[in-house]
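Asks: Curious how this folds, go ahead:
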Amino acid sequence: MTNSLRASTEGLAIVDRARQRRGWTKTSTARWWQDAHTSRATLRRFWRSERIQQEIFIAICQVVGIDDWQAIAAPAEHSDPIPDPSSTPQLDWDDAPDLNQFYGRHQELAQLEQWMLSDRCKLIAIIGIAGIGKTALALALTDRTQSVFEWIIWRSFHTAPSLLQLLDSLLHTFSAYQTTDIARDIPQGIVQLMHHLRQYRCLLILDGLDAVLPPQPNHDDYTMFLQRLSHDRHQSCLLITSREKPQVIEAVEMNRSIRCLTLVGLRDTEALQFLQTSGQTNERALTALNRLYQGNPLALMLVMPLIQSVFGGNVSAFLEQDAVVVDNRFRSLIKQQLDRLSDLERDIAYWLAIWQEPISFCRLQTHLLASPDPVMLLEGIAGLERRSLLEKRFNSDQPSFTLQPLVMKIITDELVEQGTQEIIQVIQSSEIHHFKVIRTHWLLRPGTDDIAGDRILNQLQDKLWRISRNTLPQALWQILSLLNVHPPLTIGYASCNVTALLKQLDLDRE
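Replies: Residues are numbered from 1 along each chain as shown. Below you'll find the model as predicted:
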């Protein structure tokens, strides 16, 4: 092939540094092969130092800013290495997303690589809140480690497949290369899949596993499936991403073949690389923005267009508003998790939103209207932490708990909306049984009498005033008269909340 080129080892090192500066992966960034007018398969051949057409070779180099493509190409007089078929894995990416940019996460990648390659773990989980970058990290890890596997199979759980559907899909992938009976039931399907995982070194990626997990811990089909893959003998690795930690990982995390990485936000230096791609140069403002959004890449990506359109790209002007703006797309992802909460978990989340700061287990327990058994309360806190919604702090070795800031914003908005609906329903019906959160939660932050400065009460009053206007004070007095004929346990915190709203209205009149 006289009109073809292959990359030298030194040339690949130069290209590798160039793509890292752009935040691209080796083979998962669609823009790379699209701008070079080629395919992902050809880009993979480039990285394997195989010969490709000269014009495509040059284009691949130029897209990452390398004009001196001759420095990348192997000398013509060198004989080509004999390809090793075993070094080329069979790939089934299914609907794996393209990774346009990827910055930082060097420590996380190093840890995951050690677990996968050195420790040869059978099950590795990447856990974290929505938008934190779990899928991107899994793609980058696969990009770096694919050469050591014979099979790489990616499955995304957007459609929440049953376990039998998943097994059928996986076995179909293997059957494309050899005769395989498709599973008729789950036990048979697992046996057949285990046969392939023993015969080949496979990397199986299940992205977004939380879509098929039960809302509360339960011994379901997928739990049994994870247990089998983490306990049975085989030479493969299962990599999962999830917003919730599966029960099997909580139960056997001491098993050396199972590891779990809880992914947190981008570090300041990583976020700067990420945000500066939008043309921003004010490092101080960008650092403050990253901390405001706790380094969540999706939340940062979604707020940047708003900053551009409303503030002309002035990040400092946006920060002066002292407000966390949450895009509807991100809000819907968090609400998906909130819809899975138990009643007790939701009660705890509401209290943490009211407090707005870390609180101890004992303080939380004393404010719950119907104080549950301490074991149940601990299980509720553990459930929020398992769902990546909770932050835990330690002061003098005593743990305290709070919500992640973005989660706190969304739960606060939900709390205000629900409180507004309950009060309007009682005004219209004169029936206090509509009070739920107004009854179970004292909306003024405990330990403060600053009604005028209380965020939740102010938001609640503003929403009620827009609906009822001048009739609101009279309506609230009527509600108080309804509450006064009922025993304290029945009305809970309702009288306190209505009285606080009336005081707030009086302060506004002064």
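
Asks: Tell me where the model's unsure across the stretch 101-250 of the chain.
Replies: Along the stretch 101-250 of the chain, the parts satisfying pLDDT under 70 run over 176-183, 217-219, 250.

Asks: err, the chain, not the other one
Replies: Low-confidence segments of the chain (pLDDT under 70): 1-2, 77-88, 176-183, 217-219, 250-254, 371, 446-453, 507-510.

Asks: which of the residues in the one helix or strand Glu108 maps to are buried?
Replies: Counting by DSSP states H and E, the element that carries Glu108 is helix 106-113. For helix 106-113, the buried set under the neighbour-count rule, 16 or more other C-beta atoms under 10 Å, comprises Glu108, Leu109, Leu112. For the C-beta atoms, the positions are set from N, CA and C on the backbone; glycine is no exception.

Asks: which residue sits closest to the last one in space, ignoring its chain neighbours?
Replies: Right, the one you point to is Leu112. The spatially closest residue to Leu112, leaving aside those adjacent along the chain, is Leu141, at 5.1 Å (C-beta to C-beta, 6 or more residues apart in numbering).

Asks: Domains in the protein, by residue range?
Replies: Listed by automatic domain parsing, the domain ranges of the chain are 4-81, 90-262, 268-287+296-331, 341-403, 408-509.

Asks: need the strands for the chain, in chain order.
Replies: According to DSSP state E, the chain carries its strands in the segments 4-5, 52-53, 90-92, 123-127, 151-156, 202-207, 237-242, 258-262, 359-360, 390-395, 398-403.

Asks: which other residues reach the first one?
Replies: Strand 4-5 is touched from outside by Arg51, Ile52, Gln53, Gln54, Phe57, Trp69, Ala73, Ala74, with contacts defined as C-beta atoms under 8 Å, 6 or more residues apart in numbering.

Asks: Now do the buried residues in the helix ranked longest in the chain.
Replies: Counting residues, the longest helix in the chain under DSSP state H turns out to be helix 405-429. Within helix 405-429, the residues that qualify as buried are 405-412, 414-416, 418-420, 422-424, 426-427, counting by 16+ other C-beta under 10 Å.

Asks: Now the phi/psi pair for Ile72, please.
Replies: When quoted as degrees, to the nearest 10, the phi and psi of Ile72 stand at phi -90, psi -30.

Asks: The nearest residue to it once chain neighbours are set aside: what's it in contact with?
Replies: Counting by C-beta to C-beta, 6+ apart, Gly11 is the residue found nearest to Ile72 once chain neighbours are left out, at 3.4 Å. Neighbouring residues of Gly11 by C-beta under 8 Å, 6+ apart: Ala71, Ile72, Ala73, Ala74.

Asks: circling back: the helix holding Glu108 versus strand 123-127: what angle between them?
Replies: On the basis of axes from the mean of the first three to the mean of the last three C-alpha atoms, to 10 degrees, helix 106-113 is oriented at 150 degrees to strand 123-127.

Asks: Show residues contacting helix 106-113.
Replies: Ile124, Ile126, Leu137, Ala140, Leu141, Arg144, Thr145, Leu261, Leu263.

Asks: What about the fifth one, how many residues nearby?
Replies: A count of nearby residues for Leu141, using other C-beta atoms under 10 Å, gives 23.

Asks: Give me the distance between it and Asp207.
Replies: Between Leu141 and Asp207 the distance, using C-beta to C-beta, to the nearest Å, works out to 12 Å.

Asks: can you check the third one too?
Replies: For Leu137, the distance to Asp207 equals 11 Å [C-beta to C-beta].

Asks: Quickly list what's touching both of those two.
Replies: Thr241.

Asks: Excluding chain neighbours, give the residue nearest to the spatially most central residue of the chain in space.
Replies: Averaging the C-alpha coordinates of the chain gives a centre point, and the residue nearest to it by C-alpha atoms, centre = their mean is Ala130 (2.5 Å). Nearest-residue entry for Ala130: Leu333, 3.8 Å, with adjacent residues in sequence omitted and distances by C-beta to C-beta, 6+ apart.
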